[in-house]
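**Q** Sharing a model that was predicted from the sequence below.
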Amino acid sequence: MPERPVTIFASFVPGEEHTEAVASILRRMREETRREPGNEIYDLYEADSGGRTSFHLIERYTDRDALEAHRAADHYREYRAEIPHLLAEPIGVIVLTEVD
């Protein structure tokens, strides 16, 4: 049975004073990740809930190997080092596997 694509849903809640910095980092990640051979989707969304901004990524990779290649990329490691101190809470990550 062939391996199925892997989809990631990730949420980011920046600290109030770091909203633009988080947006900038995520936009940079979007551009870098879309160039990866195993990436199919890397879409960034912004939401306003009661005056609080949050960002959400929907990512799709051809398979788990492509996801692991993404996580090993320099731009991913740099982003993971920069972003945590800019957030009001930890990154929310859900890994989804296609059912049908």
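**A** Received it, and whenever you're ready, just let me know what you need. Numbers count the residues shown, from 1 in each chain.
**Q** Which strand residues bridge the residue most central in space within the chain?
**A** The residue lying closest to the centre of the chain (C-alpha atoms, centre = their mean) is Leu57, at 4.7 Å. Beta-bridge pairing of Leu57 under DSSP bridges involves Ala10, Leu44.
**Q** which helices and strands sit right next to the longest helix along the chain?
**A** In the chain, with assignment by DSSP state H, the single longest helix is helix 19-34. Applying 3 or more C-beta pairs under 8 Å, 6 or more residues apart in numbering; DSSP states H and E, one finds that helix 19-34 contacts strand 39-49, strand 52-61, helix 74-82. Backbone N, C-alpha and C define where each C-beta goes, glycine included.
**Q** So which of these is the most surrounded?
**A** strand 52-61 (a mean of 18; mean count of other C-beta atoms under 10 Å).
**Q** With only the CA atoms kept, save that one in PDB.
**A** Written as PDB, here are the backbone C-alpha positions of strand 52-61 (Å, rounded to 0.1, in the frame of the first residue of the first chain):
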ATOM      1  CA  ARG A  52      -6.200  38.700  19.600                       C
ATOM      2  CA  THR A  53      -4.400  37.700  16.500                       C
ATOM      3  CA  SER A  54      -3.400  34.200  15.700                       C
ATOM      4  CA  PHE A  55      -1.800  32.500  12.700                       C
ATOM      5  CA  HIS A  56      -2.600  29.100  11.300                       C
ATOM      6  CA  LEU A  57      -0.700  27.000   8.800                       C
ATOM      7  CA  ILE A  58      -2.100  24.100   6.700                       C
ATOM      8  CA  GLU A  59       0.800  22.100   5.300                       C
ATOM      9  CA  ARG A  60       0.700  19.000   3.100                       C
ATOM     10  CA  TYR A  61       3.600  16.800   2.200                       C
END
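**Q** Figure out how far that strand is from the centre of its chain.
**A** 6 Å (C-alpha atoms, centre = their mean, to the nearest Å).
**Q** name the helices or strands packed onto it?
**A** Looks like strand 52-61 contacts strand 6-12, helix 19-34, strand 39-49, helix 64-72 (3+ C-beta pairs under 8 Å, 6+ apart).
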